[in-house]
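Peer 1: Got a predicted structure here, sequence first:
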Amino acid sequence: MRLIEETIESIKPAYEDVIKEAWLRIDSLTKPLGSLGELEEIAAKMAGITGKIHNKIDKKSVVIMCADNGVCDEGVSNCPQDFTVTITNNLTRGITGVCTLARFANSDITVVDVGVKGEFNNPKIIDKKVAYGTKNIVKEAAMTREEAIQAIEAGIEIVDKLAKEGYNLLGTGEVGIGNTTTSSAVLSALSGLSADAVVGKGSGLTEEQFQNKKEVVQRAIDVNKPNKEDVIDVLSKVGGFDIAGLCGCFLGAAKNRIPIVIDGIISSAAALCAYRLNNYAKDFMFPSHLSAEPGVVYIAKELGVNPMLNLRMRLGEGSGCPLAFNIIESALYTMDNMATLEEATIDGSCLVDIREK
């Protein structure tokens with residue numbers, strides 16, 4: 001618990017003065033004011049994170065938390081639970097969706113076993129296993145409070161290590177059959193929204209299976225009665241080790257002042273948990289894409305972020321992060337390499353501000 005407390009206490013907000021300086025440069029570039037839209041917002045936000053107007057990404061990685069969920073016993077997924085072990089191993093072979101996209105974006109991946117129901121003899125998988133999967137949340141709490149803390153701290157430790165190794169852009173991903181159910185339960189508990197409002201079809205459920213999934217989430221809330229004012233209580237009762245680990249990643253990134261990208265519903269739920277623990281954590285978050293899961297819209301609204309892309313993706317694994325990496329680096333490169341109005345000998349008086357007031 002000490003690492004969590006120290007991390008939360010150490011998180012400071014964005015450098016607002018540097019953001020203002022960044023906007024002065026952005027608005028001096030040879031373009032109509034606001035005409036590069038979100039690219040300008042990204043460049044300014046990055047300045048607030050690092051304290052520098054000019055920023056360059058040196059090393060990047062998608063951190064993938066892998067864990068199993070006891071709620072799979074309730075038929076909430078079309079995939080058998082042992083897929084988690086298989087996919088986790090396949091991440092290290094470089095053959096999954098996120099691996100392919102990360103390779104294209106010149107990004108590394110960091111694979112973490114935080115609670116998979118199985119053993120690995122694979123040096124490419126970081127062992128942070130808390131337990132062999134969670135309990136079935138419709139019958140009891142997913143984990144103990146101490147286990148939730150251990151999983152959060154595992155995420156913080158991973159990011160601390162990556163920060164020391166020189167990584168200055170991170171993404172968040174996960175692998176775990178059943179984790180759209182646990183993330184929906186976490187969101188429902190924290191927001192007070194009904195299961196009907198936040199539960200999506202996940203891995204392509206039939207209508208009958210979809211209805212069952214919503215009922216499972218509601219039963220989990222009713223049985224465990226998580227305290228919405230206590231994030232760790234919510235995670236321990238209806239969450240998953242992967243969500244808790246990713247929550248730690250978001251907290252660790254904010255502590256180390258490293259930008260971190262949100263992927264789909266599972267990492268969105270983790271981002272919301274981190275935000276509830278320290279509101280300044282959102283200053284370091286960048287959303288990647290608009291997931292097909294309905295809960296993402298609520299979380300994005302609370303965090304005050306707008307997904308960069310809408311590609312109808314619902315793969316998970318952190319697959320949206322490499323795409324966002326490319327956009328972030330494009331924004332930084334553009335802002336550093338465009339000429340100013342003065343350098344281009346253009347009279348800026350004719351360039352109208354088209355940004356929303």
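Peer 2: Perfect, thanks for sending it. Predicted, not measured: the structure shown is a model, and the values here were computed from it.
Peer 1: Please export the C-alpha coordinates of stretch 6-17 as PDB.
Peer 2: Extracted C-alpha coordinates of stretch 6-17, given in PDB (Å, rounded to 0.1, in the frame of the first residue of the first chain):
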ATOM      1  CA  GLU A   6       3.600   7.500  -2.400                       C
ATOM      2  CA  THR A   7       2.700   7.400  -6.100                       C
ATOM      3  CA  ILE A   8      -0.600   9.100  -5.600                       C
ATOM      4  CA  GLU A   9       0.900  11.800  -3.500                       C
ATOM      5  CA  SER A  10       3.700  12.400  -6.000                       C
ATOM      6  CA  ILE A  11       1.400  13.100  -9.000                       C
ATOM      7  CA  LYS A  12       1.400  16.700 -10.000                       C
ATOM      8  CA  PRO A  13      -0.700  18.500 -12.600                       C
ATOM      9  CA  ALA A  14       0.300  19.500 -16.100                       C
ATOM     10  CA  TYR A  15       2.600  22.600 -16.400                       C
ATOM     11  CA  GLU A  16       0.000  25.200 -17.400                       C
ATOM     12  CA  ASP A  17       2.500  27.900 -18.000                       C
END
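Peer 1: Distance from it to the middle of the chain?
Peer 2: 18 Å (CA atoms, centre = their mean, to the nearest Å).
Peer 1: What are the contacting residues of that stretch?
Peer 2: Stretch 6-17 is contacted by residues 45, 47-49, 51, 156, 251-252, 254-255, 277-278, 280-281, 283-284 when judged by CB atoms under 8 Å, 6 or more residues apart in numbering. Any C-beta I mention is one placed from the backbone N, CA and C, and that applies to glycine too.
Peer 1: how does it look with 7 Å?
Peer 2: With CB atoms under 7 Å, 6 or more residues apart in numbering as the test, stretch 6-17 has contacts from 48-49, 51, 156, 251-252, 254-255, 277-278, 280-281, 283.
Peer 1: could you dump the residues you listed to CSV with distance to Gly245?
Peer 2: Shown next, in CSV, are those (distance: CB to CB, whole Å):
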residue, distance to Gly245
Gly48, 26
Ile49, 22
Gly51, 28
Ile156, 9
Leu251, 11
Gly252, 10
Ala254, 15
Lys255, 15
Leu277, 14
Asn278, 17
Tyr280, 20
Ala281, 15
Asp283, 21
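Peer 1: Export these to CSV and append columns for pLDDT, distance to Val138 and neighbour count.
Peer 2: As requested, the contacts of stretch 6-17 are exported to CSV (pLDDT from 0 to 100; distance: CB to CB, whole Å; neighbours: other CB atoms under 10 Å):
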residue, pLDDT, distance to Val138, neighbour count
Gly48, 98, 43, 22
Ile49, 98, 40, 23
Gly51, 98, 47, 13
Ile156, 98, 30, 24
Leu251, 98, 29, 30
Gly252, 98, 31, 31
Ala254, 98, 33, 30
Lys255, 98, 35, 22
Leu277, 98, 26, 20
Asn278, 98, 31, 20
Tyr280, 98, 35, 14
Ala281, 98, 30, 27
Asp283, 98, 37, 22
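Peer 1: Can you pick out the most distant pair from the residues you listed?
Peer 2: By the measure CB to CB, Gly51 and Leu277 form the most distant pair in the contacts of stretch 6-17, at 23.1 Å.
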